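> A predicted structure for the sequence below; I have some questions about it.
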Amino acid sequence: VDLNLDVISFVMKNAKVREQYRNYDEIHNELTTAIEDILGNTANVQMEQIVWDRKINLYLKKIQNP
């Protein structure tokens, strides 16, 4: 599946936030880094998504349960 940067940018800019985390800006930066890394990496996109999914979920659990 080809990822279209215009579509991804549109979705990210127009997405509705359902939950507000205490460290929202940090989470937003982490997600932006993940997306840029996945799109910029010539490696297996699905594997990169799995790796970043785990990293982000661990981070979210850590900040929810200090």
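Right, received. Where do you want to start?

> excluding its backbone neighbours, what's nearest the spatially most central residue of the chain?
The C-alpha lying nearest the average C-alpha coordinate of the chain belongs to Leu31 (CA atoms, centre = their mean; 2.9 Å). Residue nearest to Leu31 in three dimensions, not counting chain neighbours: Ile56, with 6.6 Å by CB to CB, 6 or more residues apart in numbering. Just so you know, the C-beta spots here come from the backbone N, C-alpha and C atoms, and that holds for glycine as well.

> list the buried ones in the host helix or strand of that neighbour?
Using DSSP states H and E, Ile56 sits within helix 45-64. Buried residues in helix 45-64, counted by 16 or more other CB atoms under 10 Å: 48, 52, 59.

> can you list those in a markdown table and add distance to Glu36?
Below are these laid out as a markdown table (distance: CB to CB, whole Å):
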| residue | distance to Glu36 |
| --- | --- |
| Glu48 | 11 |
| Trp52 | 10 |
| Tyr59 | 16 |
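
> among these, which one lies nearest to Glu26?
Distance to Glu26, by CB to CB, is smallest for Tyr59 among these, at 8.2 Å.

> how far off centre is the host helix or strand of Thr32?
Counting by DSSP H and E, the element that carries Thr32 is helix 24-40. Between the centre of helix 24-40 and the centre of its chain there are 5 Å (CA atoms, centre = their mean, to the nearest Å).

> just stretch 15-32 next, same as before
Offset of stretch 15-32 from its chain centre (CA atoms, centre = their mean): 9 Å.

> in it, what's buried?
Within stretch 15-32, the residues that count as buried by 16+ other CB under 10 Å are 27, 30.

> leaving out sequence neighbours, find the closest residue to Lys55.
Nearest one to Lys55, counting by CB to CB, 6+ apart, is Ala34 at 7.3 Å.
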